[in-house]
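A.B. asks: Build the 3D model from these lines:
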Amino acid sequence: MSFNLRQAILSNVAGSDEKQVEATIQDAMQSGEEKMLPGLGVLFEVYWQHADESAKNEMISQIADGLRQ
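C.D. replies: Numbering: from 1, shown residues only. Predicted structure coming up:
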């Protein structure tokens, strides 16, 4: 039996509005549970697939800045 975690996560958040997406992200960050990391990764992947080059470059810059702090 094969389980597609990415598809399961996408199915769980399908149809979410902005407030629900923000709540999902906040909950994952505040809980600090490692089991939430794959979900955040899938949300990041969705963002990345739909972002233009400027948005991607800004995200890369913000992440790099955060890693240097």
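A.B. asks: give the contact list for Glu18.
C.D. replies: For Glu18, the contact set (CB atoms under 8 Å, 6 or more residues apart in numbering) is empty. The C-beta positions use only the backbone N, C-alpha and C, and glycine is treated the same way.
A.B. asks: distance of it from Arg68?
C.D. replies: Noted for Glu18: a distance of 30 Å to Arg68, by CB to CB, to the nearest Å.
A.B. asks: do the same with Thr24
C.D. replies: Where Arg68 is concerned, Thr24 sits at a distance of 27 Å (CB to CB).
A.B. asks: Comparing those two, which residue is more hemmed in?
C.D. replies: Legend: neighbour count by other CB atoms under 10 Å for Thr24 and Arg68, higher for Thr24 (18 against 6).
A.B. asks: So, low pLDDT: which residues of this protein?
C.D. replies: For the chain, the stretches with pLDDT under 70 are 1-2.
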